[in-house]
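Asks: Return atomic coordinates for the entry below.
(one chain, ligands or ions: 2)
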Amino acid sequence: MNHPEIYAVVPAAGIGSRMQADRPKQYLTIAGKTILEHTLETLISHPDIHRVIIAISPSDEYFSTLPVSQAQWLTVVAGGHDRATSVQNGLAALPEQSWALVHDAARPCLSHADITTLLGVISDDTQTGGILASPVRDTMKRATKTGSGALNVSHTECRDNLWHALTPQLFNTGVLRNALVQGIAAGATITDEASAMEAQGHQVRLIEGNPANIKITRPADLPLAAFYLSEQASKQNKR
Ligand SMILES: Nc1ccn([C@@H]2O[C@H](COP(=O)(O)OP(=O)(O)OP(=O)(O)O)[C@@H](O)[C@H]2O)c(=O)n1
Ligand SMILES: C[C@](O)(CO)[C@H](O)COP(=O)(O)O
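Replies: Ligands and ions are numbered 1, 2, ... in the order given. Now for the predicted structure:
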């Protein structure tokens, strides 16, 4: 594939509060490796990914204990107060004329097949990029909270063309950098790169990805991720 170099940018500076663990969730282990190591190894082992930039919290005490922290293919930058700022700090380490493949550290079940499919947008007419996503499968309810704190259904949301945004999210580095600067300056709530690009009027390609590419967020996600990773390992062993 001939195109400007592709860099993976991994926001890994969160504290994992919803996981309620004794450490940031990216340092919980599955099959003897931390979630972060699973994610980094998947990214750097893809033939089209040139280098990995990782955003680590300045107060992180775990990362330096991992052998991967010394990897020559890894650049470490300081994480920010939110995910968007962590990503922005990562982008600052990239050449303007490159592609940024932004992927959550907390998504270790990403497959090479999905990375390759997403990279296909580079040859499309988008020129700005796209994201992996998965169609919503459940009926979606909008909730309201009663005075006593209980939740009631307000109404059912139309789920036609409703998708879960996943990561990686792949964008031209210079365009994404500018979109994040504009969005952060405008005080926008930016929970993914696509929302910053959309706010600037850019077309974002939606690519259906494997729903096994879950974000480990709450305790129940851990055994599910362990299952998906074991399935991946058994498929690789059969090749
Ligand atoms: N200031 C932050 C916050 C989050 N992240 C990263 O963004 C990804 C997705 O965020 P999320 O799942 O919300 O992680 P946390 O913020 O750690 O989780 P929580 O909201 O439960 O605290 C994670 O890999 C997380 O490490 C980051 O790099 N910098
Ligand atoms: C980027 C993301 O994973 C896409 O679904 C999601 O927006 C991250 O949100 P979080 O609140 O930072 O987990």
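Asks: where in the protein is pLDDT low?
Replies: 1-3, 124-127 (pLDDT under 70).
Asks: Distance of residue 183 relative to residue 85?
Replies: Noted for residue 183: a distance of 11 Å to residue 85, by Cβ to Cβ, to the nearest Å. In this view, the C-beta of every residue, glycine as well, is placed from N, C-alpha and C.
Asks: Quick check: buried residues in the helix ranked longest in the chain?
Replies: Assignment by DSSP state H gives helix 221-238 as the longest helix of the chain. By 16 or more other Cβ atoms under 10 Å, the buried positions in helix 221-238 come out as 221, 222, 225, 226, 228, 229, 232.
Asks: and what of stretch 168-177?
Replies: 168, 169, 170, 171, 172, 173, 175, 176, 177.
Asks: Same question for stretch 96-104.
Replies: 98, 99, 100, 101, 102, 103, 104.
Asks: measure the third one to residue 138 for me?
Replies: When distance is defined by Cβ to Cβ, residue 100 is 31 Å away from residue 138.
Asks: Name the residues that touch the longest strand along the chain?
Replies: Criterion DSSP state E: the longest strand present in the chain is strand 163-172. Contacts to strand 163-172, defined as Cβ atoms under 8 Å, 6 or more residues apart in numbering, come from residues 6, 8, 99-104, 107, 110, 114-115, 118-119, 121-122, 127-136, 179, 192-194, 197, 206, 209, 211, 213, 215.
Asks: Next to ligand 2, which bits of the chain? Give me the list.
Replies: 83, 104, 165, 166, 167, 191, 192, 215 (Cβ under 6 Å from any ligand atom).
Asks: Please list only the buried members of those.
Replies: Buried members of the residues of the chain next to ligand 2, scored by 16+ other Cβ under 10 Å, are 83, 104, 165, 166, 167, 192, 215.
Asks: how many other residues sit next to whichever residue of the chain sits closest to ligand 1?
Replies: At 2.1 Å from ligand 1, residue 14 is the closest residue in the chain, using Cβ to the nearest ligand atom. Using other Cβ atoms under 10 Å, the number of residues around residue 14 comes to 20.
Asks: Please, which helix or strand holds it?
Replies: Element membership for residue 14 (DSSP states H and E) is empty, with no helix or strand holding it.
Asks: dump the residue contacts of it.
Replies: Contacts of residue 14 by Cβ under 8 Å, 6+ apart are 24, 25, 26, 57, 79, 83, 105, 106.
Asks: One more: residue 86?
Replies: Per Cβ under 8 Å, 6+ apart, neighbours of residue 86: 11, 12, 13, 55, 79, 80.
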